[in-house]
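K.L.:
sharing a model that was predicted from the sequence below.
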Amino acid sequence: MKRPFGKKPSTYAQQVALLQQRGMVIDNPDEARFYLQHLNYYRLGAYWLPFETDHSSHQFQPGTRFSAVLNLYIFDRELRLLVMDAIERVEVSVRGQWAYQMAHCHGPHAHLDTTLACRQDRWQKSLNSLSAEISRSDEQFIRHFKESYSEPLPPVWAVCEVMSLGQLSQWYSNLKPMPTRRAIARVYQLDEKILASWAHHLTHVRNLCAHHSRLWNREFTITPGLPRNKPAGLAAQFNPGSRKLYNSLVLLLHCMNIIAPRHHWRSRLQALLVQHRIDVRAMGFPPDWQQMPIWQGAAP
């Protein structure tokens, strides 16, 4: 039987005292109060949870320091920014490929053609969502189209610029003509099913980042499909069965190697891991990850 919530709010000083009572070493209580004020006790709790001996008593393992918890938090914040940087580049690239192939294979207003849909109800839902984005947009090219042309929406190469990654994922996954799907996926050396899965997964990851949610040690509810035969050697770079961030990082690296061959994203990520002395096992990294070609800058 459920009971009423009876906990009372505590002050920042009381929160510090509670952490100390539970065994956390806090070298500078004033600094701890400052971070609790600006980060929230409940938010930081996700980062000290692995340091607890058990969750029922909330007692910490001997030697657990507030500074170590804060280090994990800062690392995770910087990691989200880095992941968002890569997702942005992938999103812009795939949007451009979707628009290019749709226009060349099916015409400038292919997105208005519901016969291209696997499911026409979903296509119409995507169209309605896109129309709403267009109506809200104050982009000059949108205003120019509305003033100059009779079609209800701009051509694909224009509307793609106001699409979210989630919308793009839905458009691609619902696209019926296989030659068009394969043409888009071929740019990334992937099977079309894998690209659809990756777009869906990256939408999930991007939304977590946008809402400042934790990536470190998270188990994803939406995981990316892993390639089998193409490109050759890529499948071996992943950690099969893992629901953690490692596989997301590998797929982002693969895409970055294609769309930005001279990128420094890999080295920035590796430097971040070293700077914060991160135990990468919490993110699903396999023991031999550093020996894998994709982490050495070579093609798999």
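P.N.:
On my side now, so go ahead.
K.L.:
tell me which helix or strand of the protein sits lowest on mean pLDDT?
P.N.:
Across the helices and strands of the chain, mean pLDDT, DSSP states H and E gives its lowest value to helix 140-148, namely a mean of 81.
K.L.:
buried ones in whichever helix or strand comes after it?
P.N.:
Secondary structure here is assigned by DSSP states H and E; on that basis, the next helix or strand after helix 140-148 toward the C-terminus is helix 156-159. Residues of helix 156-159 classed as buried: 156, 158-159 (neighbour count, 16 or more other C-beta atoms under 10 Å). Any C-beta I mention is one placed from the backbone N, CA and C, and that applies to glycine too.
K.L.:
with stretch 258-267 instead?
P.N.:
Applying a neighbour-count criterion of 16+ other C-beta under 10 Å, one finds 259, 265-266 buried in stretch 258-267.
K.L.:
ok, now stretch 227-241?
P.N.:
When burial is assessed from 16+ other C-beta under 10 Å, stretch 227-241 yields the following buried residues: 227, 234, 237-239.
K.L.:
from the residues you listed, pick the one nearest Asn217.
P.N.:
Nearest to Asn217 among the buried residues of stretch 227-241, counting by C-beta to C-beta, is Asn239 at 14.2 Å.
K.L.:
picking that back up, is it possible to export the buried residues of stretch 227-241 to CSV including secondary structure?
P.N.:
Written out in CSV, the entries for the buried residues of stretch 227-241 read as follows (DSSP: H, G, I helix; E, B strand; the rest coil):
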residue, secondary structure
Pro227, coil
Leu234, coil
Gln237, helix
Phe238, coil
Asn239, coil
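K.L.:
distance of the most centrally placed residue in the chain relative to Ala235?
P.N.:
Of all residues in the chain, the one closest to the mean position by C-alpha atoms, centre = their mean is Val205, 2.3 Å from it. Per C-beta to C-beta, to the nearest Å, Val205 is found 20 Å from Ala235.
K.L.:
Val69: which of the buried residues of stretch 227-241 is nearest?
P.N.:
Asn239 (25.9 Å).
K.L.:
the closest one contacts Met283, correct?
P.N.:
No. The pair Asn239 and Met283 fails to qualify as a contact (C-beta atoms under 8 Å) at a distance of 9.8 Å.
K.L.:
just the helices in the stretch 151-300 of the chain please.
P.N.:
Along the stretch 151-300 of the chain, the stretches classed as helices by DSSP state H, counting those that start in this stretch are 156-159, 165-173, 178-186, 192-210, 245-259, 265-275, 293-296.
K.L.:
mind listing what's buried in stretch 47-60?
P.N.:
47-48, 51-52, 58-60.
K.L.:
among the residues you listed, which are in helices?
P.N.:
The subset of the buried residues of stretch 47-60 located in helices under the criterion DSSP state H comprises 47-48.
K.L.:
point me to the helix or strand that includes the closest residue to Leu168 other than its chain neighbours.
P.N.:
Spatial nearest neighbour of Leu168, chain neighbours left out: Arg95 (5.6 Å); criterion: C-beta to C-beta, 6 or more residues apart in numbering. For Arg95, the element it lies in under DSSP H and E is helix 66-106.
K.L.:
got the angle between that helix and helix 178-186?
P.N.:
140 degrees (axes from the mean of the first three to the mean of the last three C-alpha atoms, to 10 degrees).
K.L.:
if we can go back for a sec, adding pLDDT, write the buried residues of helix 156-159 out as TSV.
P.N.:
Supplementary listing: the buried residues of helix 156-159 in TSV, determined by pLDDT from 0 to 100:
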residue	pLDDT
Val156	94
Ala158	92
Val159	92
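K.L.:
which one of those residues is nearest to Met24?
P.N.:
Distances from the buried residues of helix 156-159 to Met24 were compared by C-beta to C-beta; the smallest belongs to Val159, at 51.9 Å.
K.L.:
how much space between that closest one and Trp98?
P.N.:
With the distance defined as C-beta to C-beta, Val159 ends up 10 Å from Trp98.
K.L.:
tell me the contacts of Gly107?
P.N.:
Contact analysis of Gly107 by C-beta atoms under 8 Å, 6 or more residues apart in numbering lists Asp113.
K.L.:
contact partners for Asn239?
P.N.:
For Asn239, the contacting residues are 246-247, 284-286, by C-beta under 8 Å, 6+ apart.
K.L.:
closest one of these to His106?
P.N.:
Of all those, Asn247 has the smallest distance to His106: 32.9 Å, by C-beta to C-beta.
K.L.:
burial of that closest one, as a residue count?
P.N.:
Other residues within reach of Asn247 by the criterion other C-beta atoms under 10 Å amount to 24.
K.L.:
thought it was touching Pro227?
P.N.:
No. Taking contact to mean C-beta under 8 Å, the distance of 10.9 Å between Asn247 and Pro227 leaves them out of contact.
K.L.:
overlap in contacts, the two.
P.N.:
Contact criterion C-beta under 8 Å, 6+ apart; residues shared by Asn247 and Pro227: Phe238.
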